[in-house]
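1. 3D, please:
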Amino acid sequence: MNRPISLLTLGLTTLALGAPPASRAGAAPAGPAVTIYGHDLGFVSETRAFDLRSARDTVRLAGVPDRIDFSSVRLAAGDARLTRLAYRYDVAGGDALIERAKGSRVRVTSRGDRMTEGTLVAADESWLVVRSDDGALSTLARVAVDAVALASPPAGITLRPTLEAVLEGGKRCHTEAELSYLTGGLSWSAEHTVVRRGEGAATWSTTVTVDNQTGREFADATLKLVAGEPQRAAPPPMPMARKAVMQMDVMAGAGADLSEQSFAEYHLYTLDRPATLRDRETQSLTLLDPRSVKVVPRYLYRGGDPRGVRTQLIVKNEAAAGLAVPLPGGRVRFYEADPAGDLQFTGETTILHTAEGEALTLEVGQAFDLVAERREISNRRISDREREVQVEIKLRNRKKSDATIVVEENVGGDNEVIQKTHDYTRKDASTLTFVIPVAAGKEAVMSYTVRLRY
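-> Just a heads-up that it's a prediction; the model follows:
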């Protein structure tokens, strides 16, 4: 299914171009290797075939991404030595083409079908300046220009992103070269789905969403996804990206599409079949088939949180709980059956990359039938460096079943609890944790007094 999501219209001058010169670069053989990192970064390795016509020759390799990181490009062509490499994209935008057309003959059509012919002598974002055959200069406002026709487009103009390589020391032959580079415009993210089944059980499944905004298609690619964020020294220099149509392609299939392996300090997910990543397209692949997992519901009130009591799920990423797989970071959506048996959306959160054996605390949403009311009963100065604060929290349970609410109170650094109605533990030096059972339809009141030193 290909469904347009958005169309970005490029409202620039219409350009009339002559036929582009033929390139001597052969088409890339099928099967590039594409590795995608979490956000806006991919590594591509592919084989390019072309003809060498002499011991020193210039070849053009078309079909590279708009977002290629030129500083990362590596080209190995057997015995031939690479002596020069350049990135060419002369019509990345209409302004670039008009800039290159200075000194050339043009025909400009303005509003009202007004025609101006002559030599383009100057151009900026506001004006075009054309010198007619009699030497007169015409200044044309860009906002009023409908079309610019170039009588003789610049020779050798590059209509698509292209690498131009000068090779020396090779033999005259048909040969292949290994081309690799980093590029922006490739991203992937994990989408986890949790369907609650009762109080302590759920079904967990995971898909990954792969997005190609590079400006080129990768056909029959070996696709790998890396969970982890490699360190980069600085933002890479990116050539200008073009605007185009974005589409969504949801791929459904039986069984998981991706297998997982450890790799360096990351985790690597490999697609079990060749993939075609069309330009300006997003597609979905299965990472984890639905599996039953154990969940532990938890209600949490963080003192002073205006959202009230929060609903959480605790899931241990271990075999006993039904998972025991490295989980890539991403969004988690929750669903639960309503009284009629229909699944309804109940909330969403995000998780970081989670290793096997770690526990997940998932924020689901607000607990409607659990109410927390907090007030500061007293706050008095004991000395120049001490204060004494008394806090009361009322917890009301309007559910038809008993509930236990975890209360977390931030009390500051150097503190001492001198009075309390319920036992507590310390989450850290400045956070007290109380576990308060509240019967169905009842209210529980807790309070404590803390002495703060500063």
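
2. SS state for Asp95?
-> What DSSP: H, G, I helix; E, B strand; the rest coil gives for Asp95 is helix.

3. likewise Glu99?
-> Glu99 is classified as helix under three-state DSSP.

4. then Leu395?
-> Assignment for Leu395 (three-state DSSP): strand.

5. who's in contact with it?
-> 301, 309, 370-373, 405, 407, 436, 438, 443-446 (CB atoms under 8 Å, 6 or more residues apart in numbering). Backbone N, C-alpha and C define where each C-beta goes, glycine included.

6. now, those residues that are in strands?
-> When these are checked against strands (DSSP state E), the matches are 301, 370-373, 405, 407, 436, 438, 443-446.

7. can I get those residues in CSV including neighbour count and distance to Thr35?
-> What follows is the ones in strands among the contacts of Leu395, written out as CSV (neighbours: other CB atoms under 10 Å; distance: CB to CB, whole Å):
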residue, neighbour count, distance to Thr35
Tyr301, 24, 44
Leu370, 20, 46
Val371, 16, 50
Ala372, 23, 48
Glu373, 12, 53
Ile405, 24, 46
Val407, 24, 46
Ile436, 19, 50
Val438, 22, 51
Glu443, 13, 57
Ala444, 18, 54
Val445, 13, 57
Met446, 18, 53
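
8. export those residues to a markdown table and tack on pLDDT and distance to Arg273?
-> Output for those, formatted as a markdown table (pLDDT from 0 to 100; distance: CB to CB, whole Å):
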| residue | pLDDT | distance to Arg273 |
| --- | --- | --- |
| Tyr301 | 98 | 49 |
| Leu370 | 97 | 48 |
| Val371 | 97 | 53 |
| Ala372 | 97 | 52 |
| Glu373 | 97 | 57 |
| Ile405 | 97 | 49 |
| Val407 | 98 | 51 |
| Ile436 | 97 | 53 |
| Val438 | 97 | 53 |
| Glu443 | 97 | 59 |
| Ala444 | 97 | 57 |
| Val445 | 98 | 61 |
| Met446 | 97 | 58 |
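
9. what's the local residue count around Ile314?
-> 14 (other CB atoms under 10 Å).

10. show me the contact partners of the helix or strand that contains it.
-> Ile314 is part of strand 310-316, with elements assigned from DSSP states H and E. The contact list for strand 310-316 (CB under 8 Å, 6+ apart) reads 194, 202, 204, 293-302, 321, 323, 334, 347, 358-367.

11. what ranges does the stretch 1-150 of the chain have for its strands?
-> Taking DSSP state E, counting those that start in this stretch, the strands of the stretch 1-150 of the chain run over residues 3-7, 14-16, 33-36, 42-52, 56-62, 68-76, 81-88, 105-110, 114-123, 127-131, 137-141, 145-150.

12. can you give me the distance of the residue lying farthest from the centre of the chain to Ser104?
-> Computed with CA atoms, centre = their mean, the residue of the chain farthest from its C-alpha average is Asp134, at 56.0 Å. Per CB to CB, to the nearest Å, Asp134 is found 18 Å from Ser104.

13. contact partners for Lys102?
-> So Lys102 contacts 120-123 (CB under 8 Å, 6+ apart).

14. buried subset of these?
-> 120, 123 (16 or more other CB atoms under 10 Å).

15. out of the contacts of Lys102, which comes closest to Phe218?
-> Nearest to Phe218, judged by CB to CB, of the contacts of Lys102 is Ala123 at 36.0 Å.

16. the closest residue to the closest one other than its chain neighbours: how many residues sit nearby?
-> With CB to CB, 6 or more residues apart in numbering as the criterion, Ala123 has its nearest non-adjacent residue at 5.0 Å, and that residue is Ile98. Applying other CB under 10 Å, we find 23 residues neighbouring Ile98.

17. so what pLDDT did Ile98 get?
-> Note for Ile98: predicted pLDDT of 79.

18. I figured it was touching Leu128, is that so?
-> Yes. Assessed by CB atoms under 8 Å, Ile98 is found in contact with Leu128 at 7.5 Å.

19. shared neighbours of these two, anything?
-> Residues touching both Ile98 and Leu128 (CB under 8 Å, 6+ apart) are 120, 148.

20. what segments of the stretch 351-454 of the chain are strands?
-> Secondary structure of the stretch 351-454 of the chain by DSSP E, counting those that start in this stretch: the strands cover 359-366, 370-383, 386-397, 403-410, 414-420, 424-428, 431-438, 443-453.

21. now distance to Met115 too, for the ones you listed, in TSV please.
-> Shown next, in TSV, are the strands of the stretch 351-454 of the chain (distance: least, CB to CB, whole Å):
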stretch	distance to Met115
strand 359-366	64
strand 370-383	75
strand 386-397	79
strand 403-410	73
strand 414-420	82
strand 424-428	76
strand 431-438	76
strand 443-453	82
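
22. of all those, which one is nearest Gln231?
-> With CB to CB as the measure, strand 359-366 is the member of the strands of the stretch 351-454 of the chain nearest Gln231 (25.7 Å).

23. other SSEs contacting that closest one?
-> strand 310-316, strand 330-337, strand 343-351 (3 or more CB pairs under 8 Å, 6 or more residues apart in numbering; DSSP states H and E).

24. got those strands as JSON lines, with distance to Ser152 columns?
-> What follows is the helices and strands packed on strand 359-366, written out as JSON lines (distance: least, CB to CB, whole Å):
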{"stretch": "strand 310-316", "distance to Ser152": "67"}
{"stretch": "strand 330-337", "distance to Ser152": "53"}
{"stretch": "strand 343-351", "distance to Ser152": "55"}
